[in-house]
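Colleague: can you look at this prediction? I've put the sequence above it.
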Amino acid sequence: MAETAKIIDGKAISEKLRGDIRKDVEALINDGIVPGLAVVIVGNNPASRTYVNNKKKACAQVGIHSEEYALPEETTQEQLIALVEELNGRPDIHGILVQLPLPKHIDDEAIIAAISPKKDVDAFHAENVGHIMIGDHKFLPCTPAGVMELLRESNIDVCGKECVIIGRSNIVGKPMAMLLLHQNGTVTICHSRTKNLAEVTRRADILVVAIGKAKFVTADMVKPGAVVIDVGMDRDENGKLCGDVDFASVSQVAGYITPVPGGVGPMTITMLLKNTLTAAKL
Ligand code: NAP
């Protein structure tokens, strides 16, 4: 069967935005400021290693200076906070990213709280979360910001639309809801205790899925013509990368759909570059 949905090409949109970011970085460097990002990774999580490598590569692509701090698994919370504080004080480092998840003996929240809100390019610090709530933010969390850019670049207007998000994490679901609300969407957030999930999702003009379960959303859960944004990064039964949305069936009913890979993923890293540039400008 032929696909009916238009594919939102996150890779192409991302490349375009990275071109704009590169120009801004060059202008800043001409003014004597080299944007600098510190990336901290603790332990040997292979997925985290891949994300960190991709982030470093993307920085190099646009001319942002990046420094990696790879710490052993047994690093203590105190040692990690000491490093964050040292980076907070470095004038040549504008953004600090601590790759999550951290080893179990380290409290993620304590580390996020230690990062200067001015260098918090993930926008996870409570101060930045508050600004996102109010709507006067300087940084937006990278994945939801990337989703908003995908919608904007695809000329999809959010105003007055029924927006349904599946997932309520602090990293994706909750800030996603705020950003859609700021754009005047009518927002519903679903989670594991939501009753009659398919009934709710079928109301959506814009459906954002961030649950972490391979191919969970099927065609019967989607209104014909809806915009479906798949944040998931999962593995299918053959170990192949896939999303939370069953692309094969949903692309038959949706109006727009993001693929995995090549949808939200590249945009997340692009928004990190944008936040680092913003931090350097500030
Ligand atoms: P998370 O913290 O594990 O949150 C998952 C959410 O999904 C929770 O709110 C959970 O509900 C909800 N959920 C789980 N099972 C459900 C079900 N059967 N029905 C309805 N809701 C259900 O995950 P996350 O960090 O937000 O990440 C979600 C996915 O996005 C993962 O695949 C992750 O790898 C991916 N991701 C991708 C990017 C990217 O750049 N593309 C960035 C971040 C995350 P409860 O709250 O009730 O438990």
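Modeller: Looks like it came in fine.

Colleague: near the ligand, which residues of the stretch 101-250 of the chain are found?
Modeller: 143, 166-169, 171-173, 190-194, 197, 210-213, 231-234 (C-beta under 6 Å from any ligand atom). Heads up, the C-betas are built off the backbone N, CA and C, glycines and all.

Colleague: is it true that residue 250 touches residue 227?
Modeller: No - applying C-beta atoms under 8 Å as the test, residue 250 and residue 227 come out as separate, 11.2 Å apart.

Colleague: can you give me the strands for this structure?
Modeller: Counting by DSSP state E, the chain has strands at residues 6-7, 36-42, 65-71, 95-98, 162-166, 186-190, 206-209, 227-230, 234-235, 241-242, 256-257.

Colleague: ok, which of these comes nearest residue 104?
Modeller: Shortest distance between residue 104 and the strands of the chain, using C-beta to C-beta, is found for strand 36-42: 11.1 Å.

Colleague: please name the strands paired to that closest one in the sheet, noting orientation.
Modeller: If you go by DSSP bridges, strand 36-42 pairs up with strand 65-71 (parallel), strand 95-98 (parallel).

Colleague: which of those is buried the deepest?
Modeller: strand 95-98 (a mean of 26; mean count of other C-beta atoms under 10 Å).

Colleague: other residues contacting that strand?
Modeller: 35-40, 42, 55, 80, 84, 87-88, 111-112, 115-116, 119-122, 272, 275-276, 279-280 (C-beta atoms under 8 Å, 6 or more residues apart in numbering).

Colleague: is it in proximity to the ligand?
Modeller: No - shown here: strand 95-98 not in contact with the ligand (C-beta under 6 Å from any ligand atom), separated by at least 13.2 Å.

Colleague: picking that back up, any chance of the strands paired with strand 36-42 in TSV, with mean pLDDT too?
Modeller: Below are the strands paired with strand 36-42 laid out as TSV (pLDDT from 0 to 100):
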stretch	mean pLDDT
strand 65-71	98
strand 95-98	98
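
Colleague: dump those to JSON lines, plus distance to residue 262.
Modeller: Shown next, in JSON lines, are these (distance: least, C-beta to C-beta, whole Å):
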{"stretch": "strand 65-71", "distance to residue 262": "23"}
{"stretch": "strand 95-98", "distance to residue 262": "23"}
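
Colleague: which residues do residue 250 and residue 227 both contact?
Modeller: Common neighbours of residue 250 and residue 227 (C-beta under 8 Å, 6+ apart) are residue 257.

Colleague: out of the contacts of strand 95-98, which end up buried?
Modeller: 35-40, 42, 55, 80, 84, 87, 111-112, 115-116, 119-122, 272, 275-276, 279-280 (16 or more other C-beta atoms under 10 Å).

Colleague: so of the contacts of strand 95-98, which ones are in helices?
Modeller: Among the contacts of strand 95-98, the residues falling in helices (DSSP state H) are 55, 80, 84, 87-88, 111-112, 272, 275-276, 279-280.

Colleague: quick one: the residues you listed as a markdown table, columns for pLDDT too.
Modeller: Output for the ones in helices among the contacts of strand 95-98, formatted as a markdown table (pLDDT from 0 to 100):
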| residue | pLDDT |
| --- | --- |
| 55 | 95 |
| 80 | 98 |
| 84 | 98 |
| 87 | 98 |
| 88 | 98 |
| 111 | 98 |
| 112 | 98 |
| 272 | 97 |
| 275 | 98 |
| 276 | 98 |
| 279 | 97 |
| 280 | 97 |
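
Colleague: can you put these in a markdown table and add distance to residue 20?
Modeller: A markdown table is the format used below for these (distance: C-beta to C-beta, whole Å):
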| residue | distance to residue 20 |
| --- | --- |
| 55 | 18 |
| 80 | 34 |
| 84 | 30 |
| 87 | 27 |
| 88 | 29 |
| 111 | 31 |
| 112 | 29 |
| 272 | 15 |
| 275 | 14 |
| 276 | 14 |
| 279 | 17 |
| 280 | 15 |
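
Colleague: all set now, cheers.
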